[in-house]
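1. when you get a sec, could you give me coordinates for this:
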Amino acid sequence: MPVTNGTKTQAYMQKAKGLSGVYCVALNRPDVKNALSKQLLEDLDKAVAFVASNTATRVLIIHSSTPGSFCAGADLKERRTMSNEDVVQFLNDLTDLFNRIAKLTVPTIAAIDGPALGGGLELALACDIRIVAHDVDKISLPECRIGIIPGAGGTQRLPRLIGASRAKELIFTGRSLNAQQALDWGVVDHIAEPGTSALDKACALAGEMQGCAPLALTAAKEAIMKGLAEETVEAGLVHERSCYQRLLGTRDRMEALEAFCQKRRPVFKGE
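-> Numbers count the residues shown, from 1 in each chain. Below is the predicted model:
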């Protein structure tokens, strides 16, 4: 693991307590609500690279190191010091990172315990599942209000998630949603119970996933993502069958059959 504490980093990784194979990446710029800087981007990039290469990872959770925060979007103070060319390069790097998060073979969860604005919401949209704290009241893509547009996937992922008309409305108005509104609009998938955090609920959900065979989780995600990219269900079914057949010879599948016969829980090893 490249980083184990956040004292000198703007994003760091830790194992989730009591959950084997579940890793948490914490955004760690509490003084600016985890605004996206060049350094934060570099640190997050290292964490994602680790997850992509670590076969022991089963689930990734992205959250804030500080309660009441998630990600306030671009660091506008840093942005003011950039040339137009610098901004384009930063957006290219940011988009590439979010694409790699979206393409991770393991399930990913965004635990939104505070404002998710602009690039912060785009980061959450790159994850498979989004969970928001009960009292969060600022979830938006406000870029049109400051003379730009979402530039790291917001105009593409949000319409695919909630439909074109609703996405257009949110982007054209820059409207801010609270937790319940975000759930009603389909921007997030779960709201944490009052008195608990989105990270708490994310860990509980990751714990449920932890009981599944790692190779099956990877195959299921691949089948879903490749199927969604196809124009017809029939074409997607071809990917589903391929992913299914790949699991037939795995030790985990045989372990599951043995465990069923012996009336015990299977012990999966990702083999």
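
2. how far does stretch 230-247 sit from its chain's centre?
-> 24 Å (C-alpha atoms, centre = their mean, to the nearest Å).

3. let me know the average pLDDT across that stretch.
-> Average pLDDT, stretch 230-247: 92.

4. and what of stretch 66-73?
-> Computed over stretch 66-73, the average pLDDT equals 94.

5. likewise stretch 145-161?
-> On average, stretch 145-161 scores 95.

6. what of stretch 164-173?
-> Regarding stretch 164-173, the rounded mean pLDDT is 97.

7. so what touches that stretch?
-> 140-141, 143-144, 149-150, 154-155, 158-159, 161, 175, 177, 185-187 (C-beta atoms under 8 Å, 6 or more residues apart in numbering). In this view, the C-beta of every residue, glycine as well, is placed from N, C-alpha and C.

8. give the buried residues for that stretch.
-> A167, L170, I171 (16 or more other C-beta atoms under 10 Å).

9. cool, and stretch 193-213?
-> The neighbour-count check on stretch 193-213 (16+ other C-beta under 10 Å) flags 197-203, 205-206, 209-210, 212-213 as buried.

10. then stretch 84-98?
-> The neighbour-count check on stretch 84-98 (16+ other C-beta under 10 Å) flags F90, L94, T95, L97, F98 as buried.

11. mind checking the SS state of L237?
-> Of the three states, L237 takes helix under DSSP: H, G, I helix; E, B strand; the rest coil.

12. list the contacts of it.
-> By C-beta under 8 Å, 6+ apart, the contact list for L237 reads G227.

13. need the buried residues of stretch 84-98 in TSV with secondary structure and distance to R251, can you?
-> Converted to TSV, the buried residues of stretch 84-98 look like this (DSSP: H, G, I helix; E, B strand; the rest coil; distance: C-beta to C-beta, whole Å):
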residue	secondary structure	distance to R251
F90	helix	44
L94	helix	39
T95	helix	38
L97	helix	34
F98	helix	34
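
14. which one of these is nearest to L257?
-> When those are ranked by distance to L257 (C-beta to C-beta), F98 comes first, at 38.8 Å.

15. would you mind measuring from the closest residue to that closest one other than its chain neighbours to F268?
-> For F98, ignoring the flanking residues on the chain, the nearest one in space by C-beta to C-beta, 6 or more residues apart in numbering is A126 at 4.1 Å. Remark: distance between A126 and F268 (C-beta to C-beta, to the nearest Å) = 27 Å.

16. ok so, going back, out of the buried residues of stretch 164-173, list just those in strands.
-> The strands, defined by DSSP state E, take in nothing from those.

17. just give me the closest of those to R58.
-> Taking those together and measuring to R58 by C-beta to C-beta, the closest member is A167, at 31.0 Å.

18. so which residue is smack in the middle of the protein?
-> Nearest residue to the geometric centre of the chain (C-alpha atoms, centre = their mean): C127, 2.5 Å.

19. then that one would be within a strand, right?
-> No: in this structure, C127 is coil, not part of a strand, as judged by three-state DSSP.

20. I'd assumed L104 was in contact with it.
-> No: between C127 and L104 there is no contact under C-beta atoms under 8 Å: 9.1 Å.

21. now tell me which helix or strand of this protein has the poorest mean pLDDT.
-> Lowest on mean pLDDT, DSSP states H and E among the helices and strands of the chain sits helix 76-79, with a mean of 85.

22. how about the strands of this structure, start to end?
-> 11-15, 22-27, 59-64, 108-112, 116-117, 129-132, 139-140, 190-191.

23. out of those strands, nearest to A72?
-> strand 116-117 (5.2 Å).

24. determine the set of other helices and strands touching that closest one.
-> strand 139-140 (3 or more C-beta pairs under 8 Å, 6 or more residues apart in numbering; DSSP states H and E).
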